[in-house]
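S.K.: below: sequence and its predicted model.
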Amino acid sequence: MGSFNDPYALRSVVELPVVFRPVFNFRYFNSLQSECLSVCFLSDKSMVISAPTGSGKTVLFELCILRLLSRFFSPDGRFNHVKGVLKTIYIAPSKALVQEKVRDWKHKFGSLGINCLEMTGDNEFSNFKSIQDSDIILTTPEKFDAVTRHGMRGGGLSFFSDIALVLLDEVHLLSDPRGAALEAIVSRIKMLSRSPDMSSNPISTVRFIAVSATIPNIDDIGEWLQVPPEGTKRFGEEMRPVKLTTKVFGYAPAKNDFLFEKRLQNFVFDILMQNSRGKSALVFCSTRKGAQEAAQCLSKTAASLAYSNPFIKSMQQRENLKDASLSCSDKQLQPCIINGVGYHSGGLVLKDRSLVEQLFLKGDLLVLCTTNTLALGINLPAHTVIIKSTQYFNKEKGLYLEYERSMILQMCGRAGRPPFDDIGTVIIMTRKETVHLYENLLSGCEMVESQLLSCAVEHLNAEIVQMTVSDISLAIEWLKCSYLYIRIKKNPERYGIKRGIPPDRLVKQLREICVQKVHELSDYGLVWTDEDGFLLKPLDPGKMMTKYYLKFDTMKLIVKAPGSSSLEDVLRVICSSAELSWIQLRRNEKKFLNDVHTDKEGKLRFHVLGENGKRKKRIMTREEKMFVLANDCLTGDPLIQDLSLSQEANSMCSNGCRIAKCMKEYFIYKKSYKAAMNSMLLAKCLHQKLWDNSPFLLKQLPGIGIITAKALQSAGICNFESLEAADPRKIEILTGRHYPFGNHIKELLLSLPPKIEMHVEEVAIKRGGMPKVAVTLTRLERVFKSNKYHFADMTVGSEEDNTILFHEKIRTEEFSSPYTFTVSVPCPQNARVTLKIHLVYEEYVGLDVHTKHLISREPYLVVGVQKKEKIRGFHILPKDVHPISPHTTEATLTSVASKHNPLSKEVFVIEDDEIINPENKACGIKQAAKPTYNLAEMECPSFDLIMDESTEDFTKTVPQEEHPEITECKSTTETIFDHIRKKSHNFPTLTLSKSMESSYEPLLLKRRKIEQNPIESYAEAKTELDPEPSKVPSGKFKKVVTDSSDKHIDCRVSSKSGCSEPDRNSAWDDIIGYYQGMDPSKGVVTAPSDVSSRLKDYCRYISVDNQGQECFKSVFTLLFE
């Protein structure tokens, strides 16, 4: 046993406190661990360690965690852990590596009460309480960056003050394009640790521990992390516990890199037979599809050997593999597992990945084909490692590139790991011209450079949003905290700066970089700067870009998108986004994509169009490929089943949903109604992989796949309403399932958000005030089964000017029902506004509630014919007098007091000029046209009030010599309004707007002239439309009705096109009999049951005033339905 004073002696676990000893399942630390133990466990200094893979670097992390936990020891030696007050952040480059550490550390630290939290894309956490209560957060750089970008107000940074230890695994990731995110979050933590506000918190003394197998410039990493000399540890190959043998095979190149890698597949089986010795082997492939094809090829070759299969060693192994294949959900993987071969990649679901890893650990799977994910640290045993091609497909550049040397070393490090083997073998398959590069592989590797400069705009914007950078000086300070600053000083040419410039000039160069990036953000409205360009403040679009983790190029596309963007336009923006630039159009995909785009079944909603507006026959670009992939995927029953294309479609849906959500928020911010609604719809369609008009909407329910959805759809059960009404036994018959499957399907409806009823009505306003509508949401009571919260966007928009008037995000289960809000509607005089009200659920497709409401401020006039003309506005009419508006539609939820349906047809009113006013008979002048609600004014431009030459003078209707008293009569009755009415008879029939209703049918009505304006008579007599009846002589009433019946009925009946003469006469007889048999004492009458509904409606409002005059208020609400 060694002591703490001897740095070269092996240290024993017994030297640790008793409570910490169970963490390790061995007695002694190895030589690397023993040398580092003093700094790891007995100090709080930051460290950077470079050592070969498999040398035991993970133990160093665990010693540093125990050092942090030792702060919970009380003076009397008791361990009193307090949950969540001291946090450790573990950052690894891959989800697979994070998940392995989570499983391992939960087992090791669970007895100490330590709470480990995984923060990757494979798990979901509903709130930040789980982060607050955690002691060790294990995450990837991108996920941690995304979570902490929400800022203090969202709770994303509230736990930063508790960070005391940061563990950086495989820190050589800095050379990868993904390394920019790692660099950004470390710089963020360093900035916060220097903040005066954090001086009393653990983050002020944060400790960094970075390890890697492949860091040639380890001193640069140490300088970046402020590691003291004693904290920098560099170990060579002598520390490798297993001897490693490397072989490099060179092959002739093919026509292209893709064919070269595919041809190498023919040699893998023979290489395994010669080198694996019947032990486990890893085959590294450059792509997910390549790994799958390699496994399938090896599986077929092994299966052809029957019982001589070299990958099956015993009957027990064969039985274990058969049982395991049944629990695998990937149909392509199942036959491979049976033959002792598997494949592993990020394309597999978590369950299948775990299954493959367990089978490989147990030794049941001897060969595992995988991508470079496993090279980044997953502890799987492998005697032999085969690197099938030293090139990989770079998604950003769209071509094949050589692996970084550090990555090759990582792959080699998977061979011969203790305690599984005492020797390891590595076979590298490459082109002949690159053999010498890999023969000298262990002699050196590439320098680790910064990748921050290429995406500095996005990360600088994130810091401005979080207020860690509020001016240019702090932006420069942030850059100085980055690894970029270290490498600019060492290798300035790589970053566009001349070598040998003095330090003061270097600071000036950094300032210029910051100013340039800030100007780019400011030009697109993402940040605000003062006149001097010094102060920086975040704007809402910049916050959205940070929140949804979008690249700057994508945000520029969103800002440039028009506010009237259609659903197709929004989808095209997503297809052009930088997040999907890695998807490329391959030559062998074109024919299949062209066949899908042909759309013989008419399933696709949108198509790729050429410059002439016609559908293109050939897919030529990657954007067009993504457009076809998205349209096919959103049908709900995609034709594309290819693994690679399916993965690209899934990636597009997940990334596209995020981009569409950002577009929704941006257009809401800009108050662009159409673009916001289309973005809102597309976001959830991409999330559910279903269009809103898909016949397979039931796939949104858990447990219903495409087969069940098709079976239900064949019987007309294709939405939630029809499923709710369906009988459970019928469901079982349709799907071929047994009881109680139908009941379970019906119970799935309880997981949906509650139904909400919407009611809209106009609010009474004062004259000249702005129109308002009140929207009431009422949640319908039902049993809730799901504990998940559902959200919905409540939006009110104006269709004419494409403006959002109201928006609110509500939680459907918790809002106070009924919930009413009022929206003011800007509506100029002589105009109308079409309001569209939407309740759009955030997650589910097919549940949204929509309605339309029209508001009009076009003139409604009531004109008298007394000596003094009277004009009344619409808002001051008696409460029982209701004007007829052509703009009221079915969506208008408020109606007049009579509650009749609003007018939805076009009505033309022709005054009858044949009836002579008794008061004017002495003058021999016909009664002037009676005033009416001027429907013509509502849609058509007004005509001149000055009489033209072609119009006869109104006084010439009767010869003056026959009526010498004409002058006197004219002075008292003729006005400019009389002239307008006279001239209006010469105008053609008016045509109202057809946009009011799809069933457009004009009506022509003739109105009988009565001796006095009915509305004026009612207003002056204060008589309501449904008053207590006035008593009048029956004979006089019958005479008036009989004399005027033909005037009413003839025009009324003849207005229906196609009505025959016998039908007219029959209707006329019905009404005459009805009038003559009416008791005048009843006032407002009810038609007998045998009278047609049209005529009933016509006669509904006939009344008699107290002077015996017959008065009419005709309401043509239900005409000719």
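M.R.: On my side now, so go ahead.

S.K.: state the mean pLDDT of stretch 725-739.
M.R.: The pLDDT scores in stretch 725-739 average 89.

S.K.: any weak-confidence spans in the stretch 551-700 of the chain?
M.R.: For the stretch 551-700 of the chain, no stretch has pLDDT under 70.

S.K.: how about the helices of it, start to end?
M.R.: 552-560, 567-575, 590-598, 622-633, 643-669, 673-688 (DSSP state H, counting those that start in this stretch).

S.K.: which of these is buried the deepest?
M.R.: helix 673-688 (a mean of 24; mean count of other C-beta atoms under 10 Å). For the C-beta atoms, the positions are set from N, CA and C on the backbone; glycine is no exception.

S.K.: ok, then the element right after that one?
M.R.: Later in the chain than helix 673-688, the nearest helix or strand by DSSP states H and E is helix 706-713.

S.K.: export that next one to PDB, keeping only CA atoms.
M.R.: Taking C-alpha atoms only, helix 706-713 is exported to PDB below (Å, rounded to 0.1, in the frame of the first residue of the first chain):
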ATOM      1  CA  ILE A 706     -51.400   2.800 -39.200                       C
ATOM      2  CA  ILE A 707     -53.000  -0.700 -39.500                       C
ATOM      3  CA  THR A 708     -55.600   0.000 -36.900                       C
ATOM      4  CA  ALA A 709     -56.200   3.500 -38.200                       C
ATOM      5  CA  LYS A 710     -56.800   2.100 -41.700                       C
ATOM      6  CA  ALA A 711     -59.300  -0.500 -40.400                       C
ATOM      7  CA  LEU A 712     -61.300   2.200 -38.600                       C
ATOM      8  CA  GLN A 713     -61.100   4.600 -41.500                       C
END
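
S.K.: mind giving me the packing neighbours of that helix?
M.R.: helix 728-735 (3 or more C-beta pairs under 8 Å, 6 or more residues apart in numbering; DSSP states H and E).

S.K.: format the helices of the stretch 551-700 of the chain as TSV; extra columns: distance to M411.
M.R.: Listed next are those as TSV, based on distance: least, C-beta to C-beta, whole Å:
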stretch	distance to M411
helix 552-560	32
helix 567-575	34
helix 590-598	33
helix 622-633	29
helix 643-669	22
helix 673-688	35
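
S.K.: measure the residue nearest the centre of the chain to T139 for me?
M.R.: Against the mean C-alpha coordinate of the chain, by C-alpha atoms, centre = their mean, the closest residue is A683 at 2.9 Å. Using C-beta to C-beta, to the nearest Å, A683 is found at 25 Å from T139.

S.K.: do the same with L409
M.R.: To T139, L409 is 25 Å away according to C-beta to C-beta.

S.K.: minimum distance to G363: which of the helices of the stretch 551-700 of the chain has it?
M.R.: Nearest of the helices of the stretch 551-700 of the chain to G363, taken as C-beta to C-beta: helix 643-669 at 27.5 Å.

S.K.: ok now that closest one, how far from the chain's centre?
M.R.: Chain-centre distance of helix 643-669: 7 Å, with C-alpha atoms, centre = their mean, to the nearest Å.

S.K.: same question for stretch 576-589.
M.R.: Distance, centroid of stretch 576-589 to centroid of chain: 21 Å (C-alpha atoms, centre = their mean).

S.K.: what comes up buried for it?
M.R.: Of all the residues in stretch 576-589, those buried under the rule 16 or more other C-beta atoms under 10 Å are 576-581, 583-585, 589.

S.K.: over to stretch 243-263?
M.R.: By neighbour count on 16+ other C-beta under 10 Å, the buried set for stretch 243-263 is 244, 246, 248, 250, 257-258, 260-262.

S.K.: repeat for stretch 732-739
M.R.: 732, 734-735.

S.K.: in TSV: those residues, plus distance to I765.
M.R.: Formatted as TSV, the buried residues of stretch 732-739 follow (distance: C-beta to C-beta, whole Å):
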residue	distance to I765
E732	57
L734	54
T735	55
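
S.K.: from the residues you listed, which single one is nearest P228?
M.R.: P228 lies nearest to T735 out of the buried residues of stretch 732-739, by C-beta to C-beta, at 68.3 Å.

S.K.: surely that closest one touches L712?
M.R.: Yes: look at T735 against L712 with C-beta atoms under 8 Å: they come within range, at 7.0 Å.

S.K.: picking that back up, correct me, but the residue nearest to the centre of the chain touches C662?
M.R.: No: assessed by C-beta under 8 Å, A683 is found out of contact with C662, at 9.0 Å.

S.K.: so what sits against both of those two?
M.R.: When C-beta atoms under 8 Å, 6 or more residues apart in numbering defines a contact, no residue borders A683 and C662 alike.

S.K.: quick one on the thing from earlier: out of the buried residues of stretch 576-589, give me the two with the largest separation.
M.R.: That would be A578 and E589, which, of the buried residues of stretch 576-589, are the farthest apart (C-beta to C-beta) at 21.5 Å.

S.K.: which one of the buried residues of stretch 243-263 is nearest R194?
M.R.: The closest of the buried residues of stretch 243-263, once distances to R194 are taken by C-beta to C-beta, is L244, at 43.1 Å.

S.K.: A831 against R857, yeah?
M.R.: Yes: at 6.0 Å, A831 and R857 qualify as touching, with contact defined as C-beta under 8 Å.

S.K.: who's more crowded, these two?
M.R.: Using other C-beta atoms under 10 Å as the criterion, A831 and R857 rank with R857 on top: 17 against 12.

S.K.: who's in contact with that one?
M.R.: 771, 827-832.

S.K.: which among those residues end up buried?
M.R.: 771, 827, 832.

S.K.: show me the contacts for the first one.
M.R.: By C-beta under 8 Å, 6+ apart, P771 lies in contact with 762, 765, 824-825, 827, 833, 855, 857.

S.K.: of these, closest to K674?
M.R.: Taking C-beta to C-beta as the measure, K674 lies nearest V833 of the contacts of P771, at 15.0 Å.

S.K.: the closest one belongs to a strand?
M.R.: Yes: judged by DSSP: H, G, I helix; E, B strand; the rest coil, V833 forms part of a strand.

S.K.: list the beta-bridge partners for it.
M.R.: I855 (DSSP bridges).

S.K.: neighbours of it, how many?
M.R.: The local packing of V833 (other C-beta under 10 Å) involves 22 other residues.

S.K.: isn't it up against V825?
M.R.: Yes: contact criterion C-beta under 8 Å: V833 and V825 qualify, at 5.5 Å.

S.K.: mind showing which ranges of the stretch 801-950 of the chain have poor pLDDT?
M.R.: For the stretch 801-950 of the chain, the stretches flagged by pLDDT under 70 are 858-950.

S.K.: how near is the closest residue to D421 other than its chain neighbours to N30?
M.R.: For D421, ignoring the flanking residues on the chain, the nearest one in space by C-beta to C-beta, 6 or more residues apart in numbering is H383 at 5.1 Å. Look at H383 and N30: by C-beta to C-beta, they are 21 Å apart.

S.K.: can you pick out the residue with more neighbours from these two?
M.R.: Just comparing H383 and N30: by other C-beta under 10 Å the higher neighbour count belongs to H383, 23 against 16.

S.K.: so the more buried one touches S276, yeah?
M.R.: Yes: counting by C-beta under 8 Å, H383 touches S276, with 6.3 Å between them.

S.K.: can you put the contacts of R857 in CSV and add distance to P753 and secondary structure?
M.R.: Output for the contacts of R857, formatted as CSV (distance: C-beta to C-beta, whole Å; DSSP: H, G, I helix; E, B strand; the rest coil):
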residue, distance to P753, secondary structure
P771, 31, coil
C827, 33, coil
P828, 38, coil
Q829, 41, coil
N830, 42, coil
A831, 37, coil
R832, 34, strand
